[in-house]
Each structure stands twice: as structure tokens, then as C-alpha cells.
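Asks: Please find the sequence and the predicted model below.
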Amino acid sequence: MIQVRKSEDRGHANHGWLDSHHTFSFADYHDPAHVQFSVLRVINEDRVAPGSGFPTHGHRDMEIVSYVLEGALEHKDSLGTGSVIRPGDVQRMSAGTGVRHSEYNASKSELVHFLQIWILPKTNGITPGYEQMHFAPADLTGRLRLIASPDGHDGSVTIHQDALLYATKLDSDTSVTHSLAPGRRAYIHVARGAVELNGTSLVAGDGARIEQEESLQLSNGQAAEVLVFDLP
């Protein structure tokens, strides 16, 4: 069963400096039909104006993954970590017992466009942690590249949950297939472009809940960049 969540049906908040679309309930946007899916709690598509950003704030007991599509995102946290995240970078912050951080557009002239993803941890109260990995375009093109996993295998960042996150870039000449183990679910998010999921057309911002399916095929991509979540 595939249930499509159209881009225009997401929650939306425009604060001037921040233009944000919410796949699931977040902040002032609440939709009881879209609070979370399995352990996937947040997919926010954020566009932050030059020189602006999120001042220091706190998180607890959440696995937070940032995936930059355009521009540069500057991160600082109470763990002593400071970095600038650019396209191809995947950042994981485990909030655990508590962490404070800030996120700002590192540019004074260019927009930063990124996805912020929250995954519920398997265990609360862990020691906070941070990790960042880079994946070149060739790593994602025409294949499903594992970018986050419970054990960090294949060079992925480590998340404290039984979830797998893949990324791919597809054009019309390539397709990828992902098999789901019995009892597993999946969520698809189209970051940009357009693609077909098992014959169903999806465009940028669209998502899809997948249950009771044995395999997923992404094909006929038009400059598509897609995230695939394999979930318990």
C-alpha cells in the first residue's frame, strides 16, 4: 500500500527569514493524521535567508539529521562542535540527555535550502553525540546510497534507531529498486525533481508512506534527488 502525501498538503510557515514546509506536525502546525510515521517524526524543508538562522536552542532524546540541498549551513553546539554543512554533507546530532545548538545560513548573499529530519531514538537518555560525513555526487547517482544506519556501515552516519536512510540521484536513464523485509515500512521524500515510485508520479516536496510492499522501484527521474527511509 502506497499513500502519497502531496507537497502542497504539507504544513507551511513563512517567517520572512525562514520559509518552512512540514511533512509532519511541527511547532504551530498540527495535523492528527500526520504526526509521525513509524519512528520518523519530522521532515522539515527549510529555506533560510542570507545571514539569518536559528539561534541557540535545546533538544533532548532525538536523532537529528541535516541534509543540505543548496548553500551552506553553519552549525555550533554545546558539545564544542562547529562546522559548515554543504551539499553532499550529512550531519547527525544525537540529542540524548540534552544538547544546545544554533544553525545559521553561512552566507550573507545566498539562500540555504536544507532538510531537517528527526528520528525517535530506540533508547532515551543516551550521551549526546555528533557526526558528519560527505557523499560525492557520484556516490548517489543511479544508486541507493546508505547515508544513515544503526551501525554506521558502508560509511554512513550512525543513528540510535533501527532505521536506514538512503539517498539517490536519478535521471530518465536510471532506476533503483529497494526490497523491504517482512514487517518493514518505508517513507519516500522527493527532495527535488520528479520521479515515479512503482509507477506513481511524485514531484519535489511529495512524500509517500509505504506499508505491506515487498519492493520499491524509483524510475523515470527528472533531475530527481530522493530520500528513502527503511523503517521498523
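Replies: Noted; the coordinates are in hand.
Asks: List the buried residues of stretch 125-143.
Replies: Pro128, Gly129, Tyr130, Glu131, Gln132, Met133, Phe135, Asp139, Leu140 (16 or more other C-beta atoms under 10 Å). C-beta: built from backbone N, CA, C; applies to glycine.
Asks: and what of stretch 50-62?
Replies: Pro50, Gly53, Phe54, His59, Asp61, Met62.
Asks: same deal with stretch 171-183?
Replies: Under 16+ other C-beta under 10 Å, the buried positions of stretch 171-183 are Thr174, Ser175, Val176, His178, Leu180.
Asks: what's near enough to touch the third one?
Replies: Listed by C-beta atoms under 8 Å, 6 or more residues apart in numbering, the contact set of Val176 reads Gly142, Arg143, Leu144, Thr168, Leu170, Gln217, Leu218, Ser219.
Asks: Run a quick neighbour tally on the third one.
Replies: This points to Leu144. Using other C-beta atoms under 10 Å, the number of residues around Leu144 comes to 19.
Asks: Check the one 4 residues further on too.
Replies: For Ala148, the count of nearby residues is 26 (other C-beta under 10 Å).
Asks: Please verify my assumption that it contacts Met93.
Replies: No. Distance between Ala148 and Met93: 11.8 Å, which falls outside the contact criterion (C-beta atoms under 8 Å).
Asks: Just put the buried residues of stretch 125-143 in a markdown table and tack on secondary structure.
Replies: Converted to a markdown table, the buried residues of stretch 125-143 look like this (DSSP: H, G, I helix; E, B strand; the rest coil):
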| residue | secondary structure |
| --- | --- |
| Pro128 | coil |
| Gly129 | strand |
| Tyr130 | strand |
| Glu131 | strand |
| Gln132 | strand |
| Met133 | strand |
| Phe135 | coil |
| Asp139 | helix |
| Leu140 | helix |
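Asks: Tell me which of the contacts of Val176 fall in helices.
Replies: Among the contacts of Val176, no member falls in helices (DSSP state H).
Asks: For Lys6, state which of those residues is nearest.
Replies: Distance to Lys6 across those (C-beta to C-beta) is lowest for Leu218, with 17.5 Å.
Asks: wait, what's in contact with the closest one?
Replies: 168, 170, 175-178, 188, 195-197, 224, 226, 228.
Asks: where do the helices sit along this structure?
Replies: 137-140.
Asks: Excluding residues flanking it in the chain, which one is nearest Ser162?
Replies: Heads up, residue 162 is Asp, not Ser. Spatial nearest neighbour of Asp162, excluding adjacent residues (C-beta to C-beta, 6 or more residues apart in numbering): Pro232 at 4.9 Å.
Asks: Next up, the contacts around the one you found.
Replies: Pro232 sits next to Ser38, Val39, Gln161, Asp162, Ala163, Gly183, Arg184, Arg185 when contact means C-beta under 8 Å, 6+ apart.
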